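J.: got a predicted structure here, sequence first:
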Amino acid sequence: MNSTRVRAFPPARAAGRAVRPRLIAIVPYVAKEWKGLIFVFAATLLSAGMVVLQPWPLKIIVDNALGGAPVAETLADGLEALSLDPTRGTLIVGAAVAGALITALSAGLSAAITWGWAFTGRRMVFDLMTTLFHTLQRATITYVQRRRVGDLLERLTVDTYAVQALSSELLVSPAHQLLAIGGVTYVAWQLDPGLTVLSLILAPAMSLSALFFGEKLKRKTRQGREVESKLSSLVHQTFTAIPLVQAFGGMTRNRERFKELTSQSIAVSQEGIVAKHSYTIVNGATFAIGSAVVLFVGGMRVLAGSLTVGSLLVFLAYLRSIRASGEGLLNTYGSVKQAEAKLDRVLEILDTAERVEEKPGARKLERLPLGRGGHVRLEGVTFGYEANRPVLHDVSLEVRPGEVLGVVGATGSGKSTLVSLIPRFFDPWEGRVLFDGADVRDVRLSSLRDQVSLVLQEPFLLAMSVADNIAYGRPGASREEIIAAAEAAQADRFIRELPNGYDTVIGERGATLSGGQRQRVAIARALLKDAPVLILDEPTSALDAETEDSLLDALDRLMEGRTTFVVAHRLSTIRRADRIVVIEGGRVVEEGPAEALLAAQGRYHQLLRLQEGVPQERVSA
């Protein structure tokens, strides 16, 4: 294959794309909530001020009310403005009231920060979760199918909360801690510069422990999320395929696998807990030694008369504040590492998901009446799911409005791949697909797919009412239109016999209906959509012959006036085809009316005779 060809989106390119830096990735979600952030930061600034003021009522009581020290000029001016004398009783009452007010304000501001950030952060999570969900919906079918459903659910419903945690740990928490440290350090410096410097010496030792344990916490968090997603996938897979599990005796294997994954999850969780507690112990020991040194030096200065008892108490309170804020900052590092591990799993999807991109300014594809619209042409199309492994090779064909084209060939020949290019589930590596004369890459995806209906071998039904399943392609359809579609698909009779008729909620994937019933609902869904192009991808191959015969009339009604592609394993399905193409090895090897292909006694003739049970020797003869 020519290595210089232009490819729309081969998997090799998707796998090689780099994940954005985390900070750049979360900026849009943070910036969108700027109003909430302003509120949170204002409350944070006031809260830091409360930390600075909190020990001063105690200093006034100890130094001025009890110790008899002269009242500071600022305090004296304040009492005079209130027409109060600076007596001991007044100072004690005033200090008590001030302490109560500061405590109440601190609690109120803390609650305001928590409420504001919960509201703002959850909106960030909502936006990221919505973006991830939309990305997964737009991803190519093979990209989603290669991943475990449980893993995708974990990334969507759990890992997306990392944007709230990461934003909090990088913005709100550090802002509060730094403002508090800055304020108390400034005031502590006014009280005793030497003791302040001695206190700040603790920071480097605590920072080193944060760096050491932070990487361990990130690694263990990542490992834990991977194990949990595997566990979730196992549970989802087991209960989705419970008939298969029970029929083939998979219960024991699944139980052992469940125990294995649960044990791994517990082990990783325990290792993370050990790392986190080790980090706490190291920091606690470091702070205890430093506090003892500071207390000893401060006590000696009080004895020497260079520091008052009240000032020492204020300083010790500030030391606790510095310690709490410092620990908060250092804990932030560990929390950030854990959030990064989760956010990486989200960005892995957002930045590497293979998807069909819509061009900026793509035009709407206008719908033409049946019989005039739905002209499909493939020109020199080459495509594959993996780099350098094409499934289709230089395929060209044309199907005119209202024509029925049968697509046959051996399993794996590329039949389903060919028709999947029409609604643009994938883009060809080479060549182009035209719909009513327009390159499908130049039109809006929604307007293109609105003109294509699908009936697949596996009729995908959702866990909702029968009526909602039929109207899935036209959510605004009336009940009369839904019933008319069901009648045309020969589904009305059995639907009315269900417990709640059209309002009966069916099981996931239509598990409460038989195969033929599910297929009739799918046909009704396609009829109601009333699209000019219809793709039938082996719609009866999973059914018995009697059920197939009863559905063929419904399929005939569905095909009337529509450009139809019938991918068939059972050749009886293409009895109404105007033309037939035979795909072999990803190439069109035969094309023409059934009679002409039979007369040529080529590959189509061989396939038909083999299905009829004629030995290969007689076919060759």
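T.: Cool, the structure landed. Numbers count the residues shown, from 1 in each chain.
J.: got the buried residues for stretch 170-187?
T.: Buried positions in stretch 170-187, judged by neighbour count with 16 or more other CB atoms under 10 Å: 170-177, 179-181, 183-185, 187. Yep, even glycine has a C-beta here, placed from its N, CA and C like the rest.
J.: if you could redo that for stretch 93-110, that was the one I meant.
T.: Buried-residue list, stretch 93-110, by 16+ other CB under 10 Å: 94, 95, 99, 102, 105, 106, 109.
J.: among those residues, which lie within helices?
T.: Counted as lying in helices by DSSP state H, out of the buried residues of stretch 93-110, are 94, 95, 99, 102, 105, 106, 109.
J.: could you measure from the fourth one over to residue 52?
T.: Residue 102 sits 10 Å away from residue 52 when distances are taken as CB to CB, to the nearest Å.
J.: which residues does the residue nearest to residue 500 when sequence neighbours are not counted bridge with?
T.: Excluding the flanking residues, the one nearest residue 500 by CB to CB, 6 or more residues apart in numbering is residue 465, at 7.8 Å. Here residue 465 sits in beta bridges with residue 505, going by DSSP bridges.
J.: if we can go back for a sec, quick check: helices, which of the buried residues of stretch 170-187 are part of them?
T.: Counting by DSSP H, the buried residues of stretch 170-187 contribute 173, 174, 175, 176, 177, 179, 180, 181, 183, 184, 185, 187 to helices.
J.: got phi/psi on residue 389?
T.: The phi/psi pair for residue 389 (degrees, to the nearest 10) reads phi -130, psi 70.
J.: return the residues in contact with the closest residue to residue 23 other than its chain neighbours.
T.: What sits nearest to residue 23 in space, not counting adjacent residues and going by CB to CB, 6+ apart, is residue 170, at 7.6 Å. Counting by CB atoms under 8 Å, 6 or more residues apart in numbering, residue 170 makes contact with 23, 332, 336.
J.: same question, residue 477
T.: Here residue 477 is in contact with 470, 471, 528 (CB under 8 Å, 6+ apart).
J.: in what helix or strand does the first one lie?
T.: Going back to what we said before, that points to residue 470. When elements are assigned from DSSP states H and E, residue 470 belongs to helix 466-470.
J.: got the contact list for the following helix or strand past that helix?
T.: Using DSSP H and E, the helix or strand that follows helix 466-470 in sequence is helix 479-488. Contact with helix 479-488 is made by 467, 470-471, 474, 492, 495, 502, 520-521, 524-525, 527-528, 554, 557-558, as judged by CB under 8 Å, 6+ apart.
J.: in strands only, show me these.
T.: Counting by DSSP state E, no part of the contacts of helix 479-488 is found in strands.
J.: list only buried entries from these.
T.: Using 16+ other CB under 10 Å, the buried ones in the contacts of helix 479-488 are 467, 470-471, 474, 492, 495, 502, 520-521, 524-525, 527-528, 554, 558.
J.: considering these, which member attains the minimum pLDDT?
T.: Taken together, the buried ones among the contacts of helix 479-488 show their lowest pLDDT at residue 554, with 75.
J.: contact partners for that residue?
T.: Per CB under 8 Å, 6+ apart, neighbours of residue 554: 488, 489, 490, 491, 520, 523.
J.: switch the cut-off to 10 Å
T.: Going by CB atoms under 10 Å, 6 or more residues apart in numbering, residue 554 touches 455, 488, 489, 490, 491, 519, 520, 523, 524, 527, 539.
J.: what is the nearest of the residues you listed to residue 236?
T.: Using CB to CB, residue 519 is the member of those that lies nearest residue 236, at 25.2 Å.
J.: tell me which element the residue nearest to that closest one when sequence neighbours are not counted falls in.
T.: Closest residue to residue 519 apart from its sequence neighbours, by CB to CB, 6+ apart: residue 459 at 5.0 Å. Residue 459 is part of no helix or strand when elements are defined by DSSP H and E.
J.: start to end distance for stretch 349-367?
T.: One end of stretch 349-367 sits 34 Å from the other (CA to CA, to the nearest Å).
J.: buried stuff in that stretch?
T.: 349, 350, 352, 353, 354, 356, 358, 362, 365, 367.
J.: and the fourth one, what is it in contact with?
T.: Applying CB under 10 Å, 6+ apart to residue 353 gives the contacts 14, 17, 132, 135, 136, 138, 139, 140, 143, 144, 147.
J.: quick check: pLDDT value at it.
T.: 71.
J.: from residue 144, how far out is it?
T.: Distance, residue 353 to residue 144, by CB to CB: 9 Å.
J.: repeat that for the fifth one.
T.: When distances are taken as CB to CB, residue 354 and residue 144 turn out to be 9 Å apart.
J.: what residues are shared contacts of these two?
T.: The contact sets of residue 354 and residue 144 overlap at residue 138 (CB under 10 Å, 6+ apart).
J.: which residues in the stretch 51-200 of the chain form helices?
T.: Counting by DSSP state H, counting those that start in this stretch, the stretch 51-200 of the chain has helices at residues 56-59, 73-81, 88-138, 141-145, 149-157, 162-167, 173-191, 193-200.
J.: any idea how far the third one is from the middle of the chain?
T.: Once both centres are worked out by CA atoms, centre = their mean, to the nearest Å, helix 88-138 turns out to sit 27 Å from its chain's centre.
J.: now stretch 265-282: mean pLDDT?
T.: pLDDT averaged over stretch 265-282 gives 76.
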